[in-house]
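**Q** what would the 3D arrangement of this be:
(one chain, ligands or ions: 2)
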Amino acid sequence: MRPPSPTPDTTGPVDVGTWLRTRTSGSADWPAEAVLDAKGEHRVSVVLPARNEEATVGEIAGLIRRDLQERLPLVDELLVIDSRSTDATARVAAAAGARVVHQDTVLPELGPMAGKGEALWKALAVTTGDLVVFVDADLRNFGTHFITGLLGPLLADPAVAYVKGCYERPLAEEGQVRPHGGGRVTELVARPLINLHWPALAGFIQPLAGEYAGRRDALERVPFVTGYGVELGLLIDLLHLVGLDGMAQVDLGVRVHSNQPVDALGRMACQIMLTAWSRLEREGRAVAAEPPGERLLQFVHLGDRREIRISDVGVRERPPLVTVPGYRRPSAGWRAR
Ligand SMILES: O=c1ccn([C@@H]2O[C@H](COP(=O)(O)OP(=O)(O)O[C@H]3O[C@H](CO)[C@@H](O)[C@H](O)[C@H]3O)[C@@H](O)[C@H]2O)c(=O)[nH]1
Ligand SMILES: O=C(O)[C@H](O)COP(=O)(O)O
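**A** Ligands and ions are numbered 1, 2, ... in the order given. Below is the predicted model of the structure:
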C-alpha cells in the first residue's frame, strides 16, 4: 500500500507525512528472490509465539519451512516459543519442522513470568539471527509475503532497525465476517494514546500488529513488557533508541486472526494503558500521586446471567537483554559488516 492519498497535513510537532511517504512500502515491493539476493551475510530467525495455537501453528510453520527454508534459503532458524500451551501446539509445531522451546525453560534462574511479551523476550534470548522476525501463530491467512515483506526494508537500508506490519483487518462476529472493523483495541485505545502522547508514531497504521522484524542490535537494547503491552512498549522505546527514521512499515494486505471476545480485549486494553503510563512516567512527563491499580472488575454475560470477574491486569517488564548476565550474545562471526 502507498501512503493515503492525498497525504494528510500531518505537519505539526512531527512531520508524519514525510515519514509515511518515505518509510511505507508494500510486500509486493519485496519479492522473495530479491530479498534473498539482498540477504548477504545476514542470519534470519523467525519466531512464532504460541499459546494454544494447535489449529494454526502447524500450517504457518510448515509454509515457512517449505518456501523459505527448503525452496529458498532465506530463513536460517524457525522457532516456536511455546507460551504454556495446554493443547498440542508443541507437537504440531515440531512435526511441521520448527524448533520448539518452552518459554519457562529459558534463563530459568530469573524465575518465570507470564504473557506474550515474556515469550518474545525469551525467544530473543535463544535465537541467533541478527535479524529477527516475529509473527503471531494464530493467523488464519498466513502467507510467506509476511516474512519477506518485513525483511525487505531491513535488508535494503542499514538505517532501518525496526519494521512493523500493517494490513486490513476483517472482524468475525457471530458467524459474520466484515471486511473491516477488526483491531478494536488498536482503534479505541492504542492509536488514541499514541496520538495524544507520542504523535511521532501516529503514522503506524497497526501499532499493535504482532508481525514485525528488527535488528538484534536494537531489540536486545530495549526492555520487553511481559504481557500484551509488549508491542506498544517496543514502539515507544525503539523510537527513543533509533528515532522515527529508523522505523518503517510494510503493508501485508489482509490479516485474519482469531478475534478474542470483548472481555478479553478489555483486559488487553488495561495492559496497554498501564504500559503507556509506565513510559510517560519514565519519560518524566507524568508523576503518579499513587500507582495505578492492577485489577479489572468486569461484568461478564453468561447466558441470561451476569457474573462479576476480577482479573489481574498488571504488567511486569524484562530488562534489555544485553544487561542480563545469562544472555549469550550470538557470535558476531556471521554478521554483516
Ligand atoms: O500469553 C500469551 C498470549 C498470547 N500469545 C501468542 O501471541 C499471539 C497473539 O496473541 P493473541 O491473544 O491472538 O492477541 P490478539 O488478540 O491478536 O492481539 C493483538 O494485540 C496484541 C497487543 O498488542 C498483540 O500482542 C497481538 O500480536 C495482536 O495481534 C498468538 O500467537 C498467541 O498464541 C503468547 O505467546 N502468550
Ligand atoms: O489489535 C487489536 O486491536 C486486538 O487484537 C483486537 O483485534 P480484533 O478487534 O480484530 O479482534
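**Q** list the strands paired with the helix or strand of the chain with the lowest mean pLDDT, with their directions.
**A** None of the helices or strands of the chain scores lower by mean pLDDT, DSSP states H and E than strand 171-173, at a mean of 83. Looking at strand 171-173 with DSSP bridges, its partner strands are strand 176-178 (antiparallel).
**Q** can you name the element that comes right after the partner strand?
**A** On the C-terminal side of strand 176-178, the nearest following helix or strand under DSSP states H and E is helix 184-185.
**Q** quick one: mean pLDDT over that following helix.
**A** Mean pLDDT, computed over helix 184-185, is 97.
**Q** what's that helix in contact with?
**A** 171, 208, 262, 265, 268-269, 272 (CB atoms under 8 Å, 6 or more residues apart in numbering). All C-beta spots, glycine's among them, are computed from the backbone N, C-alpha and C.
**Q** switch the cut-off to 6 Å
**A** 265, 268-269 (CB atoms under 6 Å, 6 or more residues apart in numbering).
**Q** inside helices: which ones of those residues?
**A** 265, 268-269 (DSSP state H).
**Q** how about the contacts made by the residue of the stretch 51-200 of the chain found nearest ligand 2?
**A** Nearest residue of the stretch 51-200 of the chain to ligand 2 (CB to the nearest ligand atom) works out as residue 182 at 2.9 Å. Neighbour list for residue 182: 169-171 [criterion: CB under 6 Å, 6+ apart].
**Q** which among these gets closest to residue 124?
**A** residue 169 (26.2 Å; CB to CB).
**Q** for that closest one, the count of nearby residues, please.
**A** Residues lying near residue 169 (other CB atoms under 10 Å) number 22.
**Q** ok now do residue 72, which residues does it touch?
**A** Applying CB under 6 Å, 6+ apart, the residues contacting residue 72 are 32, 36.
**Q** phi, psi for it please.
**A** phi -130, psi 130 (degrees, to the nearest 10).
**Q** could you do the one 4 residues further on as well?
**A** Dihedral angles phi and psi of residue 76 (degrees, to the nearest 10) take the values phi -90, psi -20.
**Q** now it, nearest residue through space, not along the chain?
**A** residue 43 (4.9 Å; CB to CB, 6 or more residues apart in numbering).
**Q** quick check: closest non-adjacent residue to residue 147.
**A** Per CB to CB, 6+ apart, closest to residue 147 is residue 133, 5.6 Å.
**Q** in what helix or strand does the one you found lie?
**A** strand 131-134.
**Q** for whichever helix or strand comes after that strand, enumerate the helices and strands it packs against.
**A** Using DSSP H and E, the next helix or strand after strand 131-134 towards the C-terminus is helix 145-156. Applying 3 or more CB pairs under 6 Å, 6 or more residues apart in numbering; DSSP states H and E, we find helix 145-156 packed against helix 32-39, strand 131-134, strand 162-168, strand 212-215, strand 247-254.
**Q** how about a cut-off of 10 Å?
**A** Packing contacts for helix 145-156, counted by 3 or more CB pairs under 10 Å, 6 or more residues apart in numbering; DSSP states H and E, involve strand 24-26, helix 32-39, strand 44-50, helix 57-65, strand 131-134, strand 162-168, strand 212-215, strand 247-254.
**Q** C-alpha coordinates for the last one, PDB please?
**A** Once side chains and other backbone atoms are set aside, the C-alpha atoms of strand 247-254 remain, and they are given as PDB (Å, rounded to 0.1, in the frame of the first residue of the first chain):
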ATOM      1  CA  MET A 247      11.500   2.600  11.700                       C
ATOM      2  CA  ALA A 248       9.400   1.500   8.800                       C
ATOM      3  CA  GLN A 249       6.100  -0.200   8.000                       C
ATOM      4  CA  VAL A 250       5.000  -2.600   5.300                       C
ATOM      5  CA  ASP A 251       1.500  -3.300   4.100                       C
ATOM      6  CA  LEU A 252       1.000  -7.100   4.200                       C
ATOM      7  CA  GLY A 253      -2.500  -7.000   2.600                       C
ATOM      8  CA  VAL A 254      -5.200  -8.600   4.800                       C
END
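**Q** and it, does that touch ligand 1?
**A** No - figure legend: strand 247-254 not in contact with ligand 1 (CB under 6 Å from any ligand atom); closest approach 12.6 Å.
**Q** angle of that strand against strand 162-168?
**A** 30 degrees (axes from the mean of the first three to the mean of the last three CA atoms, to 10 degrees).
**Q** touching, residue 218 and residue 239? I think so.
**A** No - look at residue 218 against residue 239 with CB atoms under 10 Å: they stay out of range, at 11.1 Å.
**Q** tell me, what's touching these two both at once?
**A** 162, 246-247 (CB atoms under 10 Å, 6 or more residues apart in numbering).
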